[in-house]
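Trainee: Provided below are the primary sequence and the corresponding predicted coordinates.
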Amino acid sequence: MADLDELRKMIDRVDACLLQAISSHLALALLVEKAKRTGHKPIVCLARKGEKLAELIAQGKRLDPPLDPNLVTAVWELLHGYFVEEELKQREAANQSAE
């Protein structure tokens with residue numbers, strides 16, 4: 001088994017990967033907003049939102065160790081809310097520049 005310092009370094013690397021994944025997700029969310037704006041679609045699709053959360057909860061349960069659905073829900077809702085806010089900011093900026 002790895003010693004404590006090595007385990008902490010491994011966690012640090014995972015944390016860095018998580019941050020990169022969040023940044024990548026944000027970049028994609030902003031591209032999605034642009035596509036939605038071009039197609040005159042709303043930022044949030046409630047049907048997709050519910051389906052996606054259910055899918056992520058099921059995926060989390062299949063991991064080893066499995067993730068508690070409450071954790072998956074809390075993290076996803078936090079991130080989703082942030083991404084929606086950023087999409088709204090981008091849309092407002094685009095609308096202002098179009099005026």
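Mentor: Nice, thanks for sending it over.
Trainee: now L28: how far from R8?
Mentor: Counting by CB to CB, to the nearest Å, the gap between L28 and R8 amounts to 31 Å. To be clear about C-beta, it is placed using only N, CA and C from the backbone, and glycine gets the same treatment.
Trainee: for A29, that is, sorry about that
Mentor: Per CB to CB, A29 is found 31 Å from R8.
Trainee: Tell me which helix or strand comes right after the longest helix seen in the chain.
Mentor: With secondary structure taken from DSSP state H, the chain has its longest helix at helix 4-38. Downstream of helix 4-38, the first helix or strand assigned by DSSP states H and E is helix 46-62.
Trainee: Which residues belonging to the helix or strand following that next one are considered buried?
Mentor: The helix or strand immediately downstream of helix 46-62 is helix 69-98, counting by DSSP H and E. For helix 69-98, the neighbour count (16 or more other CB atoms under 10 Å) marks V72, W76, H80, F83, E87, Q90, R91 as buried.
Trainee: Phi and psi next, for C45.
Mentor: phi -110, psi 110 (degrees, to the nearest 10).
Trainee: Just the pLDDT for it.
Mentor: Among the per-residue scores, C45 holds a pLDDT of 91.
Trainee: And for N70?
Mentor: For N70, the model assigns a pLDDT of 98.
Trainee: again, but for K41
Mentor: Here, the pLDDT recorded for K41 equals 94.
Trainee: where's the residue lying closest to it once chain neighbours are set aside relative to A29, distance?
Mentor: Nearest in space to K41, with sequence neighbours left out and distances taken as CB to CB, 6 or more residues apart in numbering, is A35 at 8.0 Å. Distance, A35 to A29, using CB to CB: 11 Å.
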